[in-house]
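Participant: No letters, just coordinates:
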Ligand SMILES: O=C1O[C@H](COP(=O)(O)O)[C@@H](O)[C@H](O)[C@H]1O
């Protein structure tokens with residue numbers, strides 16, 4: 001494991017020969033954090049993205065991780081969601097449910113999907129209200145220094161353009177610093193309407209795993225890893241936890257241009 005600069009902070013970089021090896025290591029990392037936070041807080045708050053990340057979580061539902069994890073303590077959230085019905089092919093909820101959540105015994109009331117009956121604006125407001133309630137009841141931690149929720153673990157992917165969550169290069173939402181959850185109606189990647197956590201929330205997390213696989217992302221990985229703090233920073237370079245730590249999980253192909 002090497003420590004490398006990414007944007008204004010440093011991240012641990014792990015490179016794996018195969019995506020299979022990456023998936024095993026990601027399961028071990030997640031299981032260890034599940035044990036740590038469950039012991040410390042009595043709950044484990046996990047935020048997932050959509051996209052290719054979900055496939056890389058597959059080893060978690062296998063032995064020894066499946067049996068060792070106290071799934072009843074998990075609370076699952078989405079870093080971003082497309083404003084489509086939950087059974088739509090574009091839904092990040094459906095992707096996670098089919099590939100992961102349907103295979104583990106997390107109590108359904110601890111899986112916080114967005115309200116798909118609302119508009120983008122309404123769904124963002126509703127999700128933010130839900131998070132505020134969970135902070136009040138101490139299911140979700142608060143980072144006192146920032147006043148934003150502090151999730152235990154964020155499992156994030158990155159698009160080939162360097163976007164994370166639904167925070168896209170050059171978009172004004174990159175600068176949102178009040179809202180916890182906001183919405184976008186002009187996403188450059190379809191579907192256009194989405195809700196997304198803002199950077200202050202992402203950067204208040206205790207642990208962030210940035211999971212990137214495939215040669216198609218090698219150029220953006222090369223651009224992201226380095227101490228470029230210019231004004232045209234990629235969204236992924238703005239992932240910069242205030243008190244937490246980021247670990248990048250890359251397969252050999254994604255890391256091939258480093
Ligand atoms: O649209 C999205 O894209 C990103 C990246 O997806 P990937 O398939 O290139 O890994 C994803 O992290 C985000 O949650 C999703 O809504």
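Facilitator: Now that the structure is in, tell me what you want to look at. Bear in mind the structure is a predicted one, so any value in this text is a computation, not a measurement.
Participant: and the residue of the stretch 1-150 of the chain found nearest the ligand, what pLDDT?
Facilitator: Nearest residue of the stretch 1-150 of the chain to the ligand: residue 51, at 2.4 Å (Cβ to the nearest ligand atom). Every residue, glycine included, has its C-beta placed from N, CA and C. In this model, residue 51 is scored at 97, pLDDT.
Participant: Based on its surroundings, how many neighbours for the closest residue to the ligand within the stretch 151-258 of the chain?
Facilitator: At 3.4 Å from the ligand, residue 157 is the closest residue in the stretch 151-258 of the chain, using Cβ to the nearest ligand atom. The burial count assigned to residue 157 is 24, neighbours taken as other Cβ atoms under 10 Å.
Participant: again with residue 19
Facilitator: Using other Cβ under 10 Å, residue 19 has 20 neighbouring residues.
Participant: what about residue 204, which SS state?
Facilitator: Assigned by DSSP: H, G, I helix; E, B strand; the rest coil, the conformation of residue 204 is coil.
Participant: On the pLDDT front, check it for me.
Facilitator: On the pLDDT scale, residue 204 is placed at 97.
Participant: tell me the contacts of it?
Facilitator: Contacts for residue 204 were tallied using Cβ atoms under 8 Å, 6 or more residues apart in numbering; they are 143, 146, 148, 149, 150, 151, 241, 242, 243, 244.
Participant: Top of those residues by number of neighbours, please.
Facilitator: residue 151 (27 neighbours).
Participant: Check the gap between it and residue 118 for me.
Facilitator: Distance from residue 151 to residue 118, counting by Cβ to Cβ, to the nearest Å: 22 Å.
Participant: Ok, residue 72 next?
Facilitator: Distance of residue 72 to residue 118, computed by Cβ to Cβ: 29 Å.
Participant: Between the two, point out the one with more neighbours.
Facilitator: residue 118 (15 against 12).
Participant: I'd guessed the more buried one sits against residue 126; true?
Facilitator: Yes: checked against Cβ atoms under 8 Å, the pair residue 118 and residue 126 is within contact range at 5.8 Å.
Participant: Any buried residues in stretch 129-148, and which?
Facilitator: Across stretch 129-148, burial judged by 16 or more other Cβ atoms under 10 Å covers 130, 131, 134, 135, 139, 140, 141, 143, 148.
Participant: Look at that stretch and report the distance between its end residues.
Facilitator: Across its full length, stretch 129-148 reaches 13 Å between end residues, using Cα to Cα, to the nearest Å.
Participant: Residue numbers of the stretch 101-250 of the chain in contact with the ligand?
Facilitator: With Cβ under 6 Å from any ligand atom as the criterion, the stretch 101-250 of the chain meets the ligand at residues 157, 159, 166, 189.
Participant: On the pLDDT front, check the first one for me.
Facilitator: In this case it means residue 157. 98.
Participant: Just give me the neighbour total for residue 125.
Facilitator: Applying other Cβ under 10 Å, we find 18 residues neighbouring residue 125.
Participant: Which helix or strand contains it?
Facilitator: Under the criterion of DSSP states H and E, residue 125 resides in helix 120-136.
Participant: One more: residue 77?
Facilitator: Element membership of residue 77, judged by DSSP H and E, is strand 74-78.
Participant: just checking, what packs against that strand?
Facilitator: Secondary-structure packing of strand 74-78 (3 or more Cβ pairs under 8 Å, 6 or more residues apart in numbering; DSSP states H and E): strand 44-48, helix 92-99.
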